[in-house]
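Peer 1: build me a structure from this.
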Amino acid sequence: MSDKSTWLANAVIDHFLRGESVASPGDIYLALYTDANEEVSAADYERQEISFGAPTNGEATNDSLIEFPVAESNWGNVTYGWVYDSQNDGEALLDAEFSKSKEIEEHDQFVLREGDVTIKEE
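Peer 2: You can find the predicted model right below:
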């Protein structure tokens, strides 16, 4: 992972180069996107909270297990993740393609272990 959203890139510039105050989002959430470039929209799906450890050499990884609900319907082929500042709607912060896509069918569960998500600042 990661590509910054325009919103986040502007916030970084405003804060670090223009001295403007930018509010930290507090909790952040991982959203799953399909190969159709749409967020999963099943009734049994919801974004999951994600947190990161301290960065080292411009990289940080998720510091806990992320378990999405067991799918009660087919969610599609999950290929991307987006980090948002809200569990519903909100501002997109980062996005990236997963190293492997996964077809989520009924009774499947999308799980990311600690260290599976890496944010790299370049």
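
Peer 1: contacts and neighbour counts: CA atoms only from here.
Peer 2: Fine.

Peer 1: can you give the strand pairings for the longest strand along the chain, parallel or anti for each?
Peer 2: Across the chain, the longest stretch assigned as strand under DSSP state E is strand 92-104. When pairing is defined by DSSP bridges, strand 92-104 lines up against strand 3-4 (antiparallel), strand 76-84 (antiparallel).

Peer 1: for the lengthiest helix in the chain, the averaged confidence score.
Peer 2: Longest helix of the chain, by residue count under DSSP state H: helix 6-12. Regarding helix 6-12, the rounded mean pLDDT is 88.

Peer 1: begin at 14 from now on, thanks
Peer 2: Sounds good: first residue 14 from here, last item helix 19-25.

Peer 1: do a quick rundown of the helices in this structure.
Peer 2: Under DSSP H, the chain gives helices at 19-25, 31.

Peer 1: and the nearest residue in space to G39 that is not next to it in sequence, what does it touch?
Peer 2: Distance criterion Cα to Cα, 6 or more residues apart in numbering; nearest residue to G39, sequence neighbours excluded, is D98 at 7.5 Å. Contacts for D98 were tallied using Cα atoms under 8 Å, 6 or more residues apart in numbering; they are 38-42, 104-106.

Peer 1: could I get these in JSON lines, plus columns for distance to Y58?
Peer 2: Shown next, in JSON lines, are the contacts of D98 (distance: Cα to Cα, whole Å):
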{"residue": "P38", "distance to Y58": "22"}
{"residue": "G39", "distance to Y58": "22"}
{"residue": "D40", "distance to Y58": "18"}
{"residue": "I41", "distance to Y58": "16"}
{"residue": "Y42", "distance to Y58": "13"}
{"residue": "E104", "distance to Y58": "19"}
{"residue": "A105", "distance to Y58": "18"}
{"residue": "L106", "distance to Y58": "20"}
